[in-house]
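Colleague: Provided below for reference: sequence and predicted model.
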Amino acid sequence: MPDTLTIRRPDDWHLHLRDGAALKSVLPYTAQQFARAIVMPNLTPPVTTAAAANAYRDRILAALPAGLSFTPLMTAYLTNGSDADDLAAGFRGGAFVAAKLYPAHATTNSAAGVTDIRNIDAVLERMAEIGMPLLVHGEVTDHAVDIFDREAVFIDKILVPLVNRLPTLRVVFEHATTERAVEFVRGSGANIGCTITPHHLLLNRNAMFQGGIRPHHYCLPVVKREKHRVALVEAATSGDPHFFLGTDSAPHAVSAKEQACGCAGIFNAPTAIELYAEVFDAAGALDKLEAFASLNGPRFYGLPVNEQRVTLERSPMTVPDAVALPDGGEIRPFRAGEQVAWRIAA
């Protein structure tokens with residue numbers, strides 16, 4: 001097996017950067033690895049207008065350390081009251097590259113999300129007309145549905161009928177976690193894409209309960225059975241252009257994770273591309289990493305691929321134990337204190 005791998009600089013097509021002081025603490029880890037990132041709009045209040053998206057982009061760029069090159073790609077948070085004309089104007093004007101569907105109460109800061117997909121029919125019809133991608137958090141929120149089944153139920157009851165109604169709508173199924181998601185995406189046309197996170201490639205649901213409750217392995221959608229993890233690895237490493245890199249890196253302070261009702265989210269940004277390299281290496285598919293990390297995403301979004309290259313080398317590195325926050329708190333990265341088998345060459 002090769003000990004080095006040079007690829008085009010990758011992009012992250014699903015990222016949480018937060019805001020304020022936390023933004024300044026976490027942004028450098030992404031900007032050191034990725035040229036661009038789709039930035040999630042679930043702030044408080046959410047990013048629902050072009051003006052809010054432009055202001056958030058300005059705050060991100062102001063927080064970017066000197067010497068780093070990084071382009072944030074902004075998204076609109078869909079609500080029951082989203083206006084199709086405003087959304088289309090923001091897309092055409094460059095404020096938005098996509099719009100995000102959060103089913104209400106599905107995950108962090110999603111209380112203002114959509115309560116019924118039919119409430120935004122006019123918005124989705126306009127998006128299909130203008131080619132604006134819909135980014136989907138694909139879970140139902142019905143408490144009668146088991147949390148491990150919510151993705152599959154969403155696909156069958158909401159997503160399949162949606163794409164049948166609007167067959168030209170461009171959709172990214174974000175952070176896929178199940179065989180059903182892989183099956184749906186693979187059976188779809190080029191207008192359907194799918195992101196897969198490093199933690200869903202590396203963990204199954206046992207990881208949340210090894211020796212006790214592991215709050216830093218809790219995310220939404222939750223990690224699933226081993227058969228689903230295996231299906232995700234096979235999809236990611238297959239070279240299929242439907243699938244591309246999206247970390248869903250979601251930082252929370254340790255104090256917010258380790259409590260009676262802890263937050264969902266895994267902060268993997270410090271070693272994201274290295275973790276993906278580890279997965280692809282184990283699958284004997286290092287030759288497929290560049291497509292997944294650097295080519296398939298730009299192709300879906302109609303953007304040029306990055307000309308800059310990065311080299312990964314097979315050389316163990318230790319993940320930091322913590323990332324400090326300005327208020328004295330800290331964030332615990334994914335696999336904190338453990339070794340990753342690859343690193344970005346100096």
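Modeller: Right, received. Where do you want to start?
Colleague: for the record, mean pLDDT for the lengthiest strand in the chain?
Modeller: Longest strand in the chain by number of residues (criterion: DSSP state E): strand 309-318. The pLDDT scores in strand 309-318 average 97.
Colleague: and Lys227, what element?
Modeller: helix 226-236 (DSSP states H and E).
Colleague: Can I get that helix in PDB? Just the C-alpha atoms.
Modeller: Output of helix 226-236 as PDB, limited to C-alpha atoms (Å, rounded to 0.1, in the frame of the first residue of the first chain):
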ATOM      1  CA  GLU A 226     -22.800  -2.500  12.000                       C
ATOM      2  CA  LYS A 227     -24.500  -3.600   8.700                       C
ATOM      3  CA  HIS A 228     -25.400   0.100   8.000                       C
ATOM      4  CA  ARG A 229     -21.800   1.200   8.700                       C
ATOM      5  CA  VAL A 230     -20.500  -1.400   6.300                       C
ATOM      6  CA  ALA A 231     -23.000  -0.200   3.600                       C
ATOM      7  CA  LEU A 232     -21.900   3.400   4.100                       C
ATOM      8  CA  VAL A 233     -18.200   2.400   3.700                       C
ATOM      9  CA  GLU A 234     -18.900   0.400   0.600                       C
ATOM     10  CA  ALA A 235     -20.800   3.400  -0.900                       C
ATOM     11  CA  ALA A 236     -18.200   6.000   0.000                       C
END
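Colleague: What mean pLDDT does it get?
Modeller: Here the average pLDDT along helix 226-236 is 98.
Colleague: from the chain's centre, how far out does the helix or strand that the longest strand of the chain is followed by sit?
Modeller: Remark: after strand 309-318, the chain's next helix or strand is strand 323-324, criterion DSSP H and E. Relative to its parent chain, strand 323-324 has a centroid offset of 21 Å by C-alpha atoms, centre = their mean, to the nearest Å.
Colleague: With stretch 33-47 instead?
Modeller: Mean C-alpha position of stretch 33-47 versus that of the full chain (C-alpha atoms, centre = their mean) differs by 10 Å.
Colleague: Buried residues of that stretch, list them for me.
Modeller: Within stretch 33-47, the residues scored as buried using 16 or more other C-beta atoms under 10 Å are 33-43, 46-47. Placement of C-beta: from N, CA and C, glycine included.
Colleague: swap in stretch 289-305?
Modeller: 289-298, 300-301.
Colleague: again with stretch 12-26
Modeller: Buried, per 16+ other C-beta under 10 Å, within stretch 12-26: 12-18, 22-26.
Colleague: who touches Val230 in this structure?
Modeller: If a contact means C-beta atoms under 8 Å, 6 or more residues apart in numbering, then Val230 has no contacts.
Colleague: Same check on the one 4 residues further on?
Modeller: By C-beta under 8 Å, 6+ apart, the contact set of Glu234 is 182, 283.
Colleague: coming back round to it: parallel or antiparallel, list what pairs with the longest strand of the chain.
Modeller: Partners of strand 309-318 in the sheet, by DSSP bridges, are strand 4-8 (antiparallel), strand 339-344 (antiparallel).
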